[in-house]
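A.B. asks: Sequence and predicted structure below; questions after.
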Amino acid sequence: MRGGEVMQQILLITDGCSNEGADPVKVALLAARQGIPVNVIGVLDDGVLGEKGEREVIGIAVAGNGMYRFTKASELSKTVQLMTQHTMEISIQRTMASRWGMNEFQTVDSLPPELRPSVAREMEHAVEYAFLEVCLVIDLSGSMNPKRSYVVEAVRDLVHTLSSRTGEYRLDTIVFPDAGGGIVKHLKVPAIRLADAIGKIDPQGNTPTGPALALAIQTLKSGVPKDIRQDGSRVYAG
Amino acid sequence: MGRAFMLDKLAGRTIIGRWKRRTYQLVRMLGQGENGVVYLTACDDAYFALKISRDAAALSLEWERMREFSHALVAPCPKVYELDDAELDGQCAHFFVMEYVEGRNLRQYVSHQGVEAVPDLLLQLANLLHSLHERGFVYGDLKPENVLMHKATGKPILIDFGGVTPLGTVVKEFTEIYDRAFWGWGMRKADEHYDLFSLAMMGAFLYRPMNSRTREKLMQSSPDVRKTALSRYFQQLHERSGVGRTLYFTVCGKFQRVEEFSEALKNQRKQTAFTKPKGAISWDVTDWGLLFSILVFTSAIISIWFLGGHQSLFVIQ
Ligand SMILES: Nc1ncnc2c1ncn2[C@@H]1O[C@H](COP(=O)(O)OP(=O)(O)OP(=O)(O)O)[C@@H](O)[C@H]1O
C-alpha cells in the first residue's frame, strides 16, 4: 500500500477553563463536523483541575469526537504520544473499514478472531505510512507557568516520534493567549525548533480556548506548507 | 481513555469464549497495564494466563506477534493459545490465553538475588532479543517489569508483546528512562541498537537505580542535558562495577548488534573474574595502561635528569 491516507487531528493541552471568546465546545463540534477529531489533555496541579475545567475538557472531547485524559505534568509527554497514536489508529480503522466489508461504525471487533490479526497488521502499516497532520493547541495562560518545561519537553518528544515515522507529517502549533497582544497565535517555526520556541514564551494572561481551536481548524483546512524538509518538518512562508 | 474500564474487577468470575466456547475461570489478577488486564485462569484443570482488553486490534496483533515465536527453539515469550471474545454484563471484551509463567519479574528477582546475577541475565536477554531481530522485529518497551523469571527453569522470558515493532518503523511503546530518544542518543526508530540501548539502561539501573527526584528533574530537561547527566551517572556506576563500561559503550552506540554486545560483556566478565577477587579493587585495561605510562614517564624524567648533569628540570635559566 502507498502512503495514501491523510490523517488530521487537533490536540488541546490545557489546565483550566476558558474565559475569553467563543465557547470551545461549540468550536470542537465544528471541527468534528469537518472530520477533524479534537483530543484534550487536562494537565493537573496536585491532582485537581477544578470541576468546571474538568467538565469543559470532557465537553470539548465529546463534541470534538475525540478523547480526553487528565494527567500530571510529568506524564504529559507519554500521554501526548499515546493519544496521537491512538487517534491515528481510530482514523485508519474508520477510513479502511469499507475495505473489510464493514461500515464506518463497525470495527475489527465485528470480524471473527482469526481474521483480526491480518487486519490489525494492515492498520499498523497504514498508521506508519500515512500523512499525519497534527495541530497542537497549547494553553500558555498564567497558571501554566510551573508546567511549561514539561510542555516544552513533551513537544520535543512528540517531534522525535513523528520524525521517526516512515510517513510524512505536518505539525502546527497554536498557542494562547498570544503574548504579543493578540488573542491566539500560530507559531510558524519548523518542527525541530518548535520546543525551544515554546520555551521562550512566558505563560501569562487569559484562556481563550475557543478562538485557539477555531484557528486550529482554519490552519488544518488551509495552510499549505511551502516546503518539506529532510526530517519531515515543513517550512512555512513568512 | 475516557471511558469506564472495569476489566480489573473480574477475579472470581467465569467467562465463556464466544467463538470457541471454552470456559475460563478467572482465579486472580496477575497484573495490569496500558493495554489490558492479565488474570490467572483455570481451564480444563490447567492454569493459564489470560489477557483481556477492549482493544481488539491491538490485542490480536500482540497475540499474533507472540504466536510467531511459539515454535522458536528458545521461546522469548509465553506460548499463546486461543484468541476469543467474551460477553461481560452486556459488553464485549476480547482476550487471549497464554502459558502461565510462575515467577517474579526481573526487578523483584534481582533485588532478591543480588546484582551479581545481572551480567548473566543481560546475556540471556540479549539472546531473546536476538531471536526477535532475526525475524524482523524489535522488542521496544524493554524494562524489568516486562521480564519474568521462570521459577521452574530460572530463565528470563519476555511478556507484553504489545510494543513489538517491525524493524525500520517507529517504536510503538516505550518507557522514558530506557528510551534512546529520551536520553538524546538517537531516533525512536526500531533497529537492533534500540533494544540494546534499553537492555544496557536496564542493566545499569538494576545496579544503581535512579531516584524519582532525578527522574522528575530530567523529564523537564532537554535531551542534551539528559545526555550529560547520563555520562556522569555511568562514571559513578563504573566505580561499582566493571560491567558499567560495557553498558556505557552500548548506550553510546559502540555496539550496534547483539553479538557485539554479548561478546564484549563476556570478555568483560572473564577479565573481572580473573583480576578481581571478591571485594577488591578491580584493575582493567585502562588502569594497567595508566600504571604503565606512569612508569615510562618517571623513567624518562630520571634519565633526562641524569643526562642533563643533575640540573633541576624545573628551573628556568
Ligand atoms: N504469561 C504470564 N504469566 C504470568 N504473569 C503474567 C503473564 N503475562 C502478564 N503477566 C503479568 O501481568 C502484568 C501485565 O501484563 P502486560 O505487561 O502484558 O500488560 P500490558 O497491559 O501490556 O502492560 P503495559 O502497560 O506494560 O503495556 C505483567 O506485569 C505481569 O506481572
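C.D. replies: Thanks, I have it.

A.B. asks: Could you check how many residues crowd around the spatially closest residue to A:Val189 that is not a sequence neighbour?
C.D. replies: Leaving out its chain neighbours, the residue that sits closest to A:Val189 by C-beta to C-beta, 6 or more residues apart in numbering or on different chains is A:Ala197, at 4.8 Å. Every C-beta, even on glycine, is put in place using the N, C-alpha and C of the backbone. Per other C-beta atoms under 10 Å in any protein chain shown, the neighbour tally for A:Ala197 reads 16.

A.B. asks: what helix or strand is A:Ala197 on?
C.D. replies: For A:Ala197, the host element (DSSP states H and E) is helix A:191-199.

A.B. asks: average pLDDT across that helix?
C.D. replies: Taken as a whole, helix A:191-199 has a mean pLDDT of 94.

A.B. asks: Does B:Phe197 touch B:Trp185 like I think?
C.D. replies: Yes: contact criterion C-beta atoms under 8 Å: B:Phe197 and B:Trp185 qualify, at 6.5 Å.

A.B. asks: Any residues of the stretch 151-300 of chain B in contact with chain A? List them.
C.D. replies: Contacts of the stretch 151-300 of chain B with chain A, taken as C-beta under 8 Å from any C-beta of the partner chain, map to B:166, B:168-172, B:176, B:181-182, B:187-189, B:216, B:219-223.

A.B. asks: what ranges do the helices span in the stretch 201-317 of chain B?
C.D. replies: B:212-219, B:223-240, B:243-251, B:258-275, B:285-307 (DSSP state H, counting those that start in this stretch).

A.B. asks: what angle separates the third one from helix B:223-240?
C.D. replies: Angular relation of helix B:243-251 and helix B:223-240 on a 0 to 180 degree scale: 150 degrees, by axes from the mean of the first three to the mean of the last three C-alpha atoms, to 10 degrees.

A.B. asks: Could you measure from the residue nearest to A:Val189 over to chain B?
C.D. replies: Going from A:Ala197 to chain B by C-beta to the nearest C-beta, to the nearest Å gives 13 Å.

A.B. asks: next SSE after the host helix or strand of A:Gln8?
C.D. replies: A:Gln8 belongs to strand A:6-14 when assigned by DSSP H and E. Sequence order places helix A:24-33 as the next helix or strand after strand A:6-14, per DSSP H and E.

A.B. asks: just the buried members of the residues of the stretch 151-300 of chain B next to chain A?
C.D. replies: Neighbour-count burial (16 or more other C-beta atoms under 10 Å in any protein chain shown) applied to these gives B:166, B:169-172, B:176, B:181-182, B:187-189, B:219-223.

A.B. asks: Now for these: which two are most distant?
C.D. replies: Farthest-apart pair in those is B:Pro166 and B:Gln220; separation 32.7 Å (C-beta to C-beta).

A.B. asks: Quick check: mean pLDDT of the helix or strand containing B:Ser198?
C.D. replies: Using DSSP H and E, B:Ser198 maps to helix B:192-207. Here helix B:192-207 scores 97 as its mean pLDDT.

A.B. asks: helices and strands around that helix, which ones?
C.D. replies: On a contact count with 3 or more C-beta pairs under 8 Å, 6 or more residues apart in numbering or on different chains; DSSP states H and E, helix B:192-207 meets helix B:106-113, helix B:118-134, strand B:137-138, helix B:223-240, helix B:243-251, helix B:258-275.

A.B. asks: circling back to that earlier point, quick one: which of the helices of the stretch 201-317 of chain B is nearest B:Arg67?
C.D. replies: Smallest distance to B:Arg67 across the helices of the stretch 201-317 of chain B (C-beta to C-beta): 22.7 Å, for helix B:258-275.

A.B. asks: Low-confidence regions, chain A specifically.
C.D. replies: For chain A, residues meeting the criterion pLDDT under 70 lie at A:1-4, A:47-48, A:98, A:101-106, A:223-238.

A.B. asks: Could you list every helix and strand in contact with the helix holding A:Ala197?
C.D. replies: Packing partners of helix A:191-199 (3+ C-beta pairs under 8 Å, 6+ apart): helix A:148-164, strand A:169-176, strand A:185-187.

A.B. asks: quick one, which of B:Phe197 and B:Trp185 is more surrounded?
C.D. replies: Using other C-beta under 10 Å as the criterion, B:Phe197 and B:Trp185 rank with B:Phe197 on top: 25 against 19.

A.B. asks: Helix, strand, or coil at the residue lying closest to the more buried one once chain neighbours are set aside?
C.D. replies: With C-beta to C-beta, 6+ apart as the criterion, B:Phe197 has its nearest non-adjacent residue at 4.3 Å, and that residue is B:Arg180. Under DSSP: H, G, I helix; E, B strand; the rest coil, B:Arg180 falls in the coil class.

A.B. asks: quick one: B:Arg180 and B:Asp191 touch, right?
C.D. replies: No: under the criterion of C-beta under 8 Å, B:Arg180 makes no contact with B:Asp191, lying 9.4 Å away.

A.B. asks: Could you pull up the residues touching the closest residue to the ligand within chain B?
C.D. replies: Relative to the ligand, the nearest point of chain B is B:Gly33 (1.8 Å; C-beta to the nearest ligand atom). Applying C-beta atoms under 8 Å, 6 or more residues apart in numbering or on different chains, we find B:Gly33 in contact with B:Asp160.

A.B. asks: so how far is B:Ile159 from it?
C.D. replies: B:Gly33 sits 10 Å away from B:Ile159, taking C-beta to C-beta, to the nearest Å as the criterion.

A.B. asks: top helix in chain A by residue count?
C.D. replies: If you go by DSSP state H, chain A has its longest helix at helix A:76-96.

A.B. asks: So which elements touch that helix?
C.D. replies: Contacts defined by 3+ C-beta pairs under 8 Å, 6+ apart place helix A:76-96 against strand A:6-14, strand A:38-44, strand A:68-72, helix A:116-129, helix A:148-164, helix B:56-67.

A.B. asks: To A:Ser222, which of these lies closest?
C.D. replies: Of all those, strand A:6-14 sits nearest to A:Ser222, with 12.2 Å by C-beta to C-beta.

A.B. asks: Can I get the closest one as CSV, trimmed to CA atoms?
C.D. replies: In CSV, the C-alpha atoms belonging to strand A:6-14 read as follows (Å, rounded to 0.1, in the frame of the first residue of the first chain):
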residue,chain,number,x,y,z
VAL,A,6,-4.1,11.7,5.2
MET,A,7,-5.0,12.0,8.9
GLN,A,8,-5.7,15.2,10.7
GLN,A,9,-6.1,15.7,14.4
ILE,A,10,-6.2,18.5,17.0
LEU,A,11,-4.6,18.1,20.4
LEU,A,12,-5.5,20.6,23.1
ILE,A,13,-3.3,20.8,26.2
THR,A,14,-4.9,22.9,28.9
